[in-house]
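Trainee: Here's my sequence, what's the structure:
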Amino acid sequence: MNPSRSDRWHAHNARLAAYLGKPQHEGWRRRWYTIVFEAETPAGRRFDELLLVAIVASVLVVMLDSIPSARDRAGTLFAVLEWLFTLLFTAEYVMRILVVRKPLRYVLSFYGIIDFISILPTWLAIFTPELAYLLDVRLLRLLRVFRVLKVTVYFEEAQVLLRALVNARHKIFVFLGTVFIITIILGTVMYVVEGPQHGFTSIPVSMYWAVVTLTTTGFGDLVPRTPLGQFITSITILLGYSIIAFPTGIIGAELVTSMRQSSPSRRTCTHCATEGHDADAAFCKRCGSKLPPNPTETARSE
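Mentor: Sure, this is the predicted structure:
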C-alpha cells in the first residue's frame, strides 16, 4: 500500500529533524521544535508567516528611521517598534537554541550567525553608545527571509549556477586580467595626452577614468579636453560595449553545459512516487527506497 501524502510529509520532517539534531524527548521542547523548525505543519506555517511579517516590518522601520524628516516626526515610535522587534527576534533566537539537541551546531550555522547579528546592534547600542553606527547592520535581518521562504528548495538550481561559475573561473580570470591590462594602458595614455592640467593628475587617477569609461558609466568628474583625448574616449566607450558582452557569454555557455549535465531523468520511485531522480541514482532521494533500473542505462548495456 502506497503511503499517503501526510505520511510522506511526516517521514520527511522526521529525517529533517534528525539531521538538525531534534531532541529525543517529548514535552514543551518537542512542541516548540515543531512550531519553530517544521514549516510543513500548520503551526509552523503560521509561525513562519508571522516571522516574515515581522522581518519585513522591522526592515521598513530601519529604512524609515534613516530619513531625517520621518525620524523627527516619529522617532519615538520607531524606537519603540525597534525594541519590540529586537525582543521578539531575541526570544526566537533563544528558543531555537533551547529546542535543538546540538545548540552549538545551530549557533555556528549560516542562519544562526545571521540571526545573532540581526539582534546584536541594538543590544550593543545600550552598553556601548559609541557603536550606535552599527545599527544599520540590522538590515541583515532581510537575509532571514530566505529561511522563511525555504529557499533551500532551490538548492539544486543554486548548485547548477555555482558549478557554472566554477567551471568558468579560468576564463573569467583571463578576461579580468585582460581588462586590467587595457585599463593600465588607457590610463597611461590619457595621463600623457591630457596631463594634470585637465584633471588627470596621476596614472591611478587616469585608470579610474578608464574603468568608468570602459563600463560606460561616465560620471563626468574627469572629462578629456583635447581632441586626441576625446577621440581616445570615443574608442574606449566602443571598446567597453564589446567587453561587457564577454562575461555574459562565458557564464551563459557554462550554465547551459551545467544544466545539460545535471538535468534529472523522469525516473519515479515505486514506493513514494517521487519523480526527477538522477540517471545514476540507486535510491530515492525522499524515502530512501531502492529505485527501479534506469531504462536508458539498461538499453545501453544491452
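
Trainee: Would you mind measuring from residue 201 to residue 209?
Mentor: 11 Å (C-beta to C-beta, to the nearest Å). Where C-beta positions appear, they are placed from N, C-alpha and C, glycine not excepted.

Trainee: the more surrounded of those two?
Mentor: residue 209 (26 against 14; other C-beta atoms under 10 Å).

Trainee: That one in helix, strand or coil?
Mentor: helix (DSSP: H, G, I helix; E, B strand; the rest coil).

Trainee: Could you shift the numbering so residue one becomes 170, and keep it that way?
Mentor: New numbering, starting at 170: the last item is residue 378.

Trainee: Can you give me every residue that contacts it?
Mentor: Shown in contact with residue 378 (C-beta atoms under 8 Å, 6 or more residues apart in numbering): 356, 359, 369, 391.

Trainee: Report the secondary structure element holding the last one.
Mentor: What that stands for is residue 391. Residue 391 belongs to no helix or strand when elements are defined using DSSP states H and E.

Trainee: Leaving out sequence neighbours, find the closest residue to it.
Mentor: residue 378 (4.4 Å; C-beta to C-beta, 6 or more residues apart in numbering).

Trainee: picking up where we left off before, looking at the contacts of residue 378, which are in helices?
Mentor: 356, 359 (DSSP state H).

Trainee: filter the contacts of residue 378 to the buried ones?
Mentor: Neighbour-count burial (16 or more other C-beta atoms under 10 Å) applied to those gives 356, 359, 369, 391.

Trainee: sorry, back to before: let me see the confidence value for the residue nearest to residue 391.
Mentor: On pLDDT, residue 378 comes in at 95.

Trainee: just residue 470 next, same as before
Mentor: Looking at residue 470, the pLDDT reads 47.

Trainee: dump the residue contacts of residue 243.
Mentor: residue 233.

Trainee: now it, what's its secondary structure?
Mentor: Residue 243 ends up helix, using three-state DSSP.

Trainee: Likewise for residue 387?
Mentor: coil.

Trainee: count of neighbours near it?
Mentor: Applying other C-beta under 10 Å, we find 14 residues neighbouring residue 387.
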